[in-house]
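Asker: okay, structure incoming, though there's no sequence with it:
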């Protein structure tokens with residue numbers, strides 16, 4: 001493929017139940033190419049994805065599992081500008097404007113306000129990550145993720161960078177593109193939100209309730 005802009009997401013057999021819901025919401029508002037990465041989906045869901053998204057990539061045999069594969073998958077993007085988006089994100093509107101906000105040689109992310117406050121730091125949420133081509137910081141992230149040391153891919157990136165490096169390598173995106181479940185609980189969710197990110201087990205419960213409506 002030779003495409004300028006594209007969205008990527010991925011899932012395995014544990015999170016694949018979110019994929020049809022995610023794709024339906026995404027396609028209501030966006031027509032940019034959507035690439036799904038198979039992190040170990042069931043045969044049935046991989047077949048479904050092959051028929052309902054623009055393209056499907058296979059990483060089902062990789063040694064790492066789940067979210068630890070995200071940075072590696074991003075390093076294999078076929079797009080000039082890419083936006084990764086987790087499947088537990090509820091797309092509420094047109095988010096194609098993200099591509100206009102991508103700064104080169106950086107990871108483009110929304111500040112994780114709840115976790116930054118909790119840990120008295122500056123942490124960015126990896127549920128949505130925009131980037132141009134394959135910046136060096138993405139390669140560093142992909143090679144540095146270690147399931148034995150890190151809780152998840154977001155924590156791995158945070159531990160790799162000090163405050164100055166975060167200023168250099170991360171471009172902060174507007175809050176409306178990644179509004180966390182805890183933002184709603186703390187009253188910090190913006191009114192103009194374009195993506196609700198329903199994180200964690202409680203977020204999964206909420207997604208199931210949305211699917212059953």
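Answerer: That came through fine. These figures come from a predicted structure and were not determined experimentally.

Asker: name the residues of stretch 201-208 that are buried.
Answerer: Neighbour counts over stretch 201-208 (16 or more other Cβ atoms under 10 Å) mark 203, 206-207 as buried. C-beta here means a position set from N, CA and C on the backbone, and glycine is covered the same way.

Asker: identify the residues contacting the helix or strand of the chain with the lowest mean pLDDT?
Answerer: Least confident helix or strand, the chain: helix 153-160 with a mean of 91, by mean pLDDT, DSSP states H and E. Helix 153-160 is contacted from outside by 67-68, 70-71, 107, 112, 121, 123-126, 140-141, 144-146, 149-150, using Cβ atoms under 8 Å, 6 or more residues apart in numbering.

Asker: what's the answer for stretch 116-129, then?
Answerer: With Cβ under 8 Å, 6+ apart as the test, stretch 116-129 has contacts from 67, 70, 74, 83-86, 88-89, 98, 107-112, 115, 152-154, 157-158, 163, 166, 170, 172-173, 177-178, 180, 195, 197, 199.

Asker: just the strands in this protein please.
Answerer: Counting by DSSP state E, the chain has strands at residues 3-11, 34-38, 55-58, 79-85, 89-91, 107-111, 124-132, 170-172, 179-180, 195-197.

Asker: and the shortest one, what does it pack against?
Answerer: This points to strand 179-180. Counting contacts by 3 or more Cβ pairs under 8 Å, 6 or more residues apart in numbering; DSSP states H and E, strand 179-180 is packed against strand 195-197.

Asker: beta partners for residue 36?
Answerer: residue 9, residue 56 (DSSP bridges).

Asker: quick one: it from residue 127, how far?
Answerer: In this view, residue 36 and residue 127 are 16 Å apart by Cβ to Cβ, to the nearest Å.

Asker: and for residue 111?
Answerer: 12 Å.

Asker: out of the two, which sits in the busier spot?
Answerer: residue 127 (25 against 17; other Cβ atoms under 10 Å).
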